[in-house]
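S.K.: Fold the following for me, if possible:
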Amino acid sequence: MFEISLHTLVSLIALGMALAFLSVDAASRTSQALATSLAATGVSIFLNVGLIDMAEQPPAWSGWLAVPESIALIAMLEWLLRVRQTLPASAGLNTRFGDNTLRIGQFSAGLYSVFAIAAPELRVQHFIRAAMREGAWSEWQFWLFAAPIELAALAGMVGILLLLRRRPDRIERLRVLAMAAAVPFFLAGFVLPADLAAVSCVIGEILILIGSVHYYMAQGQRGQFMARFLSPDVARLVNERGLARAMQENHLEITVVCADLRGFTPFAASQPSVAVLRVLREYYDGVGEVVAEFGATIKDYAGDGVLVLVGAPLPMADHPLRGLALARRIRARCQQLAESWRAQGWSLGIGLGVASGPVTVGIIGSAALEYTAVGAAVNLASRLCEQAAPGEILVAEETRARAPSERLDRRPALRIKGFADPVSPYAVSA
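M.R.: Model prediction:
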């Protein structure tokens, strides 16, 4: 019979944390590895204390109880490997050394189980019960089992230092540092007296919990950010590679589509806030559905204006054609909405501007995230949108040149703020 002891509670806490991490983010490979490490830790504590520490004569097969301990170490190192894969590497930085170091640590953790299965009695008497015997730490039998674990832990610490060298974002860095602080407390649980070992493991669990709570709170914010601004394909890329790597600063050739409701200002001034919010909600939802279909990214919602990036952060060779098709679909969708609004006495229309060119894209802000784009194409699309009549799509010369098959009508040259020379736009046929 197993006794309900402090160690039983410690193992239940570890199992509960593992279940919590999986329930929060089951699709994440990093969360899977971290949950596996914690679950294996809980199982190893429960079994080893119940069948070894509390038994006068451990069973001959007790060496197999080292397997969950090895799994816990291997999964922890796998977690570090997967976190490393989500971070961008600086140019010229050799990442192979860090990955190989962690693989060596995993191999060493596996050796611990091999030695334990081959010599179960040595493991129990000279390692598990080392704290009960004076001078046990100086015996070679102790180091037969301690050395593989220490090597695995050392590989993990080296991996953490190399990971931090790659300058992960603040939240990822906090989670990694929490793990680095927790590892010594878990390792101490191998050799300390039973009660002290339980306390040591609890401290390690608390440290991981603190880092993880901060991490998942930030992930929740980022989830809202992705749902609001990013297409499903880009959101999936962020989940696989991490936000910093998927959305890192980059120079891209893209097409920018800017949309704006005509007549919205007088409408908002004359109608109750409930009606205004209803119109904005229908407008945002309609535009968002179209943007998601085309795999584009919403850079900004600003009142009745929407700025869409076609070709960022996922590059698209056909971004001019896709941008023009996107503008047509937004116009058609908003004209459908305008008909329903007109039936309620609200006169609203849609104007759009489209421009292509090189821009710099990336995330700014630490507390409030924003995916931004900087470049002349962004400003030009916005200015063309301001000049567009209701139902009109004005297109920059650069976009027309990159989409020669499109049927576009030339419009008179315009003087546009921020541009020294007159701009000769084109219009998309209805």
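
S.K.: Between the two ends of stretch 185-203, how far is it?
M.R.: 7 Å (C-alpha to C-alpha, to the nearest Å).

S.K.: Can you point out the buried residues in that stretch?
M.R.: 185-192, 194, 197-198, 200-203 (16 or more other C-beta atoms under 10 Å). For every residue, glycine as well, the C-beta is placed using N, CA and C.

S.K.: Same question for stretch 164-181.
M.R.: 166, 168, 171-176, 178-180.

S.K.: Out of the buried residues of stretch 185-203, which sit inside strands?
M.R.: Judged by DSSP state E, strands contain none of the buried residues of stretch 185-203.

S.K.: follow-up on the earlier one: which of the buried residues of stretch 164-181 fall within strands?
M.R.: Secondary structure from DSSP E places none of the buried residues of stretch 164-181 in strands.

S.K.: quick one: which of those residues is nearest E121?
M.R.: Distance to E121 across the buried residues of stretch 164-181 (C-beta to C-beta) is lowest for M179, with 33.2 Å.

S.K.: In terms of pLDDT, where does that closest one sit?
M.R.: M179 carries a pLDDT value of 85.

S.K.: S366 now?
M.R.: 51.

S.K.: now L326
M.R.: Per the predicted model, pLDDT is 95 at L326.

S.K.: Show me where the stretch 51-200 of the chain has its helices.
M.R.: 66-85, 96-118, 120-123, 140-165, 170-188, 194-229 (DSSP state H, counting those that start in this stretch).

S.K.: May I have the second one exported as CSV, CA atoms only?
M.R.: In CSV, the C-alpha atoms belonging to helix 96-118 read as follows (Å, rounded to 0.1, in the frame of the first residue of the first chain):
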residue,chain,number,x,y,z
ARG,A,96,24.4,23.2,-34.1
PHE,A,97,26.7,23.1,-31.0
GLY,A,98,23.8,24.0,-28.7
ASP,A,99,21.5,21.4,-30.3
ASN,A,100,24.2,18.7,-30.1
THR,A,101,24.9,19.5,-26.5
LEU,A,102,21.3,18.9,-25.6
ARG,A,103,21.2,15.7,-27.5
ILE,A,104,24.3,14.5,-25.6
GLY,A,105,22.4,15.4,-22.4
GLN,A,106,19.4,13.3,-23.5
PHE,A,107,21.7,10.4,-24.2
SER,A,108,23.3,10.7,-20.8
ALA,A,109,19.9,10.7,-19.1
GLY,A,110,19.1,7.5,-21.0
LEU,A,111,22.3,5.9,-19.7
TYR,A,112,21.1,6.5,-16.1
SER,A,113,18.2,4.1,-16.7
VAL,A,114,20.5,1.6,-18.4
PHE,A,115,22.8,1.5,-15.4
ALA,A,116,19.8,1.4,-13.0
ILE,A,117,18.3,-1.6,-14.8
ALA,A,118,21.6,-3.4,-14.9
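
S.K.: I'd like to know which elements that helix is packed against.
M.R.: Helix 96-118 sits against helix 66-85, helix 140-165, with contacts defined as 3 or more C-beta pairs under 8 Å, 6 or more residues apart in numbering; DSSP states H and E.

S.K.: Farthest-apart pair in the buried residues of stretch 164-181, please.
M.R.: Among the buried residues of stretch 164-181, R166 and A178 lie farthest apart (C-beta to C-beta), at 17.6 Å.

S.K.: T8 reaches F46, doesn't it?
M.R.: Yes: applying C-beta atoms under 8 Å, one finds T8 in contact with F46, separated by 6.4 Å.

S.K.: between those two, who's got more neighbours?
M.R.: Neighbour tally, T8 and F46, criterion other C-beta atoms under 10 Å: the higher count belongs to F46, 21 against 17.
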